[in-house]
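A.B. asks: need a 3D model of the sequence below.
(chains A and B)
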Amino acid sequence: MYLLIQYAINTSGGQGDLSPSEFNLLIAQGQNSFIDWLLGELQQYQPGRPISTVQYSENEIARQKLTPAIYGYVLTVDGNGHSAYPGDYIKTDAMWTLSGYKRIRYAAQNKITSFYNSRINPYPSNPFYSLMDDGFQFYPTDLAQAKLSYVRNPPAIIWGYDVDVNGLAVYNPTNSVQPIWADVDCLDIIVRALRISGVNLQMNQVIAYSEEIKNRGQ
Amino acid sequence: MQRYIFLERLLKDIYGGEMPDDATITIERANTYLNEALASAAKQNYAESIKVDNISYVNNAFYSTFSDISITKSANDATLFTLELPQMPVGIGRNEGVASLVVKDGVKFSLSGIPLSINQQSLARKTRPIPNKLLYWNEGKNIFIISAFNLQSYKAIIRMISGGSEDLDSEMNMPDEWLPFINDYIMKQLLPFKNQQQDTVDDGLDKP
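C.D. replies: A predicted model of the protein is given here:
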């Protein structure tokens, strides 16, 4: 990915080397942009039409692209019904009771009264949760545990390196972090990273560059 | 068919597939419509019987028997007793909702009580109770019985139009040919709700 971005920048009239730290910064933002796109970009909402081009999990393809970032987790709920968010939490995907996969419904703050006082679905047997600034708030408060499926911040893509005697950066796989994404999605991330650097390329151009690198054996 | 299975099938029809976790129509909510749908089916059956046979009746399959219902003596009248029905009787005909009332004392059973209309009960209250006969009428969810002997230690057995227990694991007391009718009835209640625009904006104002 580093080579490809460097090559694309140079071929597009950019000058100088892209340092590893600059690459790591660019690719991190490219990855964030990719996740934002798969979650449904709010910027694309129109007045009266709150729909983005790609909606979260709108079909199997969109869902499968995001799957490397969807994790399962068992939440521990304290005596007050509170559970902190996992450290890398972005968005809830689904929530169930620990046994039996009974769904735990989401209630926005302005609907808590309706959920809490329902006699059709009383909350002791039909638990629900709401989102607070510091974690989940569950009702009933004695839930103890809950199973969470959530979208998490993926590990940062890092091109790890050591500096040799000549002051050049040499790739170090031990310090590196590989992307969790499929190869085709890595190209999408590269396109986004290049856009941030000021190089606007279409996907097929990036693919063409990657083929050139492969053929030339760089 | 089990209530849960019937309602699960219905909700999957409404949602066009497996129900998502954020579905607002729950099986419990759909279950609240089931009894009134069953009552509506019984009423339809009653109306059809008049058209077809010129005799008013409700098919036996709509009836359920409820046993061991406690009887309470009235504080003001030694010959008047009350019991509470497990559910509100269906308002079909004069009093077809409650088909029969029998009291039992261990292994002994009485003869069926004689049902009265509201107009008849006022006359019956003025006359002396008939020995070994039970006269009864229902008001809402209660049944009042005129009896010459003390019924307080007896238990009542009621046969009435009912869909059975509201428990989701119970079998629906309904002939199969009426299931499409019930299905359509509940769908008509739930689909407008599902298509209603939700108030997603927390601005202190009701949705116009």
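
A.B. asks: tell me which residues in the longest helix along chain A are buried?
C.D. replies: The longest helix of chain A (DSSP state H) is helix A:20-39. Going by neighbour count (16 or more other CB atoms under 10 Å in any protein chain shown), the buried part of helix A:20-39 is A:20, A:23-28, A:30-35, A:37-39. Just so you know, the C-beta spots here come from the backbone N, C-alpha and C atoms, and that holds for glycine as well.

A.B. asks: can you check stretch A:174-184 too?
C.D. replies: A:P179, A:W181.

A.B. asks: next: stretch A:82-102.
C.D. replies: Buried residues in stretch A:82-102 (16+ other CB under 10 Å): A:S83, A:Y85, A:Y89, A:I90, A:T92, A:D93, A:A94, A:M95, A:W96.

A.B. asks: quick one: residues in contact with that stretch.
C.D. replies: The contact list for stretch A:82-102, computed with CB atoms under 8 Å, 6 or more residues apart in numbering or on different chains, reads A:35, A:39, A:56-57, A:69-71, A:73-77, A:103-104, A:106, A:127, A:129, A:131-132, A:134-138, A:143-153, B:21.

A.B. asks: show the average pLDDT along that stretch.
C.D. replies: Per-residue pLDDT values over stretch A:82-102 give a mean of 93.

A.B. asks: quick one: distance of that stretch to the chain centre.
C.D. replies: 16 Å (CA atoms, centre = their mean, to the nearest Å).

A.B. asks: that one spans what distance, first to last residue?
C.D. replies: This stretch, stretch A:82-102, spans 19 Å end to end (CA to CA, to the nearest Å).

A.B. asks: quick check, nearest of the buried residues of stretch A:82-102 to A:V191?
C.D. replies: A:I90 (21.6 Å; CB to CB).

A.B. asks: what about that closest one, distance to A:S83?
C.D. replies: Counting by CB to CB, to the nearest Å, the gap from A:I90 to A:S83 is 16 Å.

A.B. asks: the helix or strand bottoming out on mean pLDDT in chain B pairs with which strands?
C.D. replies: When the helices and strands of chain B are scored by mean pLDDT, DSSP states H and E, strand B:108-109 comes last with a mean of 81. Using DSSP bridges, the strands paired with strand B:108-109 are strand B:98-105 (antiparallel).

A.B. asks: what comes into contact with the strand it pairs with?
C.D. replies: In contact with strand B:98-105 (CB under 8 Å, 6+ apart) are residues B:63, B:71, B:85, B:89, B:109-113, B:115, B:134, B:136, B:138, B:143, B:145, B:151, B:153-161.

A.B. asks: the longest helix of chain A packs against which elements?
C.D. replies: helix A:2-11, helix A:60-66, strand A:89-97, helix A:183-196 (3 or more CB pairs under 8 Å, 6 or more residues apart in numbering or on different chains; DSSP states H and E).

A.B. asks: so who does A:N121 touch?
C.D. replies: A:N121 touches A:F115, B:T26, B:E28, B:R29, counting by CB under 8 Å, 6+ apart.

A.B. asks: sorry, back to before: which among the contacts of stretch A:82-102 end up buried?
C.D. replies: A:35, A:39, A:57, A:69-70, A:75, A:77, A:103-104, A:106, A:127, A:129, A:135-138, A:143, A:146-148, A:150-152.

A.B. asks: filter the residues you listed down to just the ones in helices.
C.D. replies: A:I35, A:L39.

A.B. asks: thought B:R3 was touching B:L168?
C.D. replies: Yes: counting by CB atoms under 8 Å, B:R3 touches B:L168, with 5.0 Å between them.

A.B. asks: low-confidence regions, the chain specifically.
C.D. replies: This is for chain A. Applying pLDDT under 70 to chain A flags the ranges A:11-16, A:200-203, A:206, A:213-214, A:216-218.

A.B. asks: wrong chain, I was asking about chain B
C.D. replies: Where chain B drops to pLDDT under 70, the residues are B:208.

A.B. asks: what residues does it have near chain A?
C.D. replies: Selection of chain B residues close to chain A by CB under 8 Å from any CB of the partner chain yields B:D21, B:D22, B:T26, B:E28, B:R29, B:T32, B:D202.

A.B. asks: please redo it, this time with the cut-off set to 10 Å
C.D. replies: Contact residues, chain B versus chain A (CB under 10 Å from any CB of the partner chain): B:19-24, B:26-32, B:198-204.

A.B. asks: what residues does chain A put near chain B?
C.D. replies: So chain A meets chain B at A:50, A:92-96, A:103-106, A:108-111, A:118-122, A:125-126, A:149 (CB under 10 Å from any CB).

A.B. asks: next, the buried residues of the longest helix along chain B.
C.D. replies: Assignment by DSSP H gives helix B:27-53 as the longest helix of chain B. With burial defined by 16+ other CB under 10 Å, the residues of helix B:27-53 counted as buried are B:27-31, B:33-35, B:37-43, B:45-46.

A.B. asks: for that helix, packing partners?
C.D. replies: helix B:3-15, strand B:155-161, helix B:179-195 (3 or more CB pairs under 10 Å, 6 or more residues apart in numbering or on different chains; DSSP states H and E).

A.B. asks: that one versus strand B:155-161: what angle between them?
C.D. replies: Here the directions of helix B:27-53 and strand B:155-161 differ by 70 degrees (axes from the mean of the first three to the mean of the last three CA atoms, to 10 degrees).

A.B. asks: so how far is helix B:27-53 from its chain's centroid?
C.D. replies: 10 Å.

A.B. asks: ditto for stretch B:200-208
C.D. replies: From the chain centre to the centre of stretch B:200-208 is a distance of 38 Å (CA atoms, centre = their mean).
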